[in-house]
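In: compute the structure for the input listed below.
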Amino acid sequence: MAPHGPGFTGATHSHNPEYPDDDWNLYTQIDVETVQGLNVTTQPDVVGIFKPFALRLNEIPSIFSDADEEIMINVRFISPVHIRKIMVIGGGESEAFHPRNMKCYVNYDAMDFTSLDSVRPAQEFDLPINNNGSSELITAIHPFTNVNMVSFYFPSNHGDIETTSIRYIGMQGEHTHYRREAVNTNYELLCTHQDITQREESKGSMDTGMR
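Out: Residues are numbered from 1 along each chain as shown. Predicted coordinates for the structure are as follows:
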């Protein structure tokens, strides 16, 4: 589908009038109460870097690594999603702070730095300097389909310094929330119809006992 206005390639219109081109942006499907940042200076800012595409270049909020250059972010979704593209924009005072590599781990609970040696990433990316938010990362279809949880691990930055900073992570794809609602509605209609039919068929036979 051709893109409608700014956003990732192939983006479609949202029903949110404030950000009409963000229907593709899966930040709306994140369980914000469970987002976790490891080795970051300010935990509350982690969920804030998943924001509307129109705000991708805003420096606030940004996150910064704490003890060294590594950052890990664990994200859980409110319903399964299909992640097709990812965008990462670095933060900080210079490009030296921008992350240089990213590894993605899909559907692993309780990922932390001790898990890195035992869990294989779904995909690895070399990250370019992306100051204007135009570089997209294409994901492998199979491992990024029906994603309940994704972990982003950033092991290094472009300056080989002790601090890494990120201001934006965008995920383009599809979510199953509306599809699930449609299925549930059809199921409820089917059950209601069956219930009516069974009541009609059972009239006059209530005293016959179990069959």
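
In: show me where this protein dips below the pLDDT cut-off.
Out: Along the chain, the parts satisfying pLDDT under 70 run over 1-21, 23, 177-211.

In: which residues in it form strands?
Out: Taking DSSP state E, the strands of the chain run over residues 36-38, 63-64, 71-90, 101-106, 123-126, 137-138, 147-154, 165-175.

In: CSV please, covering these and showing distance to Gln29 and mean neighbour count.
Out: Where you see a C-beta, it was placed from the backbone N, CA and C, and this is true even at glycine. Shown next, in CSV, are those (distance: least, Cβ to Cβ, whole Å; neighbours: other Cβ atoms under 10 Å):
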stretch, distance to Gln29, mean neighbour count
strand 36-38, 17, 19
strand 63-64, 20, 21
strand 71-90, 5, 21
strand 101-106, 15, 19
strand 123-126, 20, 14
strand 137-138, 19, 16
strand 147-154, 10, 23
strand 165-175, 5, 24
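
In: relative to Pro52, which of these is closest?
Out: strand 165-175 (9.0 Å; Cβ to Cβ).

In: that closest one: how far from the chain's middle?
Out: Put simply, strand 165-175 sits 7 Å off its chain's centre (Cα atoms, centre = their mean, to the nearest Å).

In: just the angle between it and strand 147-154, please?
Out: Per axes from the mean of the first three to the mean of the last three Cα atoms, to 10 degrees, the angle that strand 165-175 makes with strand 147-154 is 160 degrees.

In: can you name every helix or strand that strand 165-175 contacts?
Out: strand 63-64, strand 71-90, strand 147-154 (3 or more Cβ pairs under 8 Å, 6 or more residues apart in numbering; DSSP states H and E).

In: and the angle from it to strand 101-106?
Out: 40 degrees.

In: export strand 165-175 to CSV, keeping only CA atoms.
Out: C-alpha atoms of strand 165-175 as CSV (Å, rounded to 0.1, in the frame of the first residue of the first chain):
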residue,chain,number,x,y,z
SER,A,165,21.8,7.4,24.2
ILE,A,166,18.5,6.7,22.4
ARG,A,167,15.7,9.1,21.7
TYR,A,168,13.3,7.0,19.6
ILE,A,169,12.4,3.4,18.7
GLY,A,170,9.6,3.0,16.2
MET,A,171,8.1,-0.3,15.1
GLN,A,172,6.0,-0.6,12.0
GLY,A,173,3.7,-3.6,11.6
GLU,A,174,0.3,-5.0,12.3
HIS,A,175,-1.5,-5.9,15.5
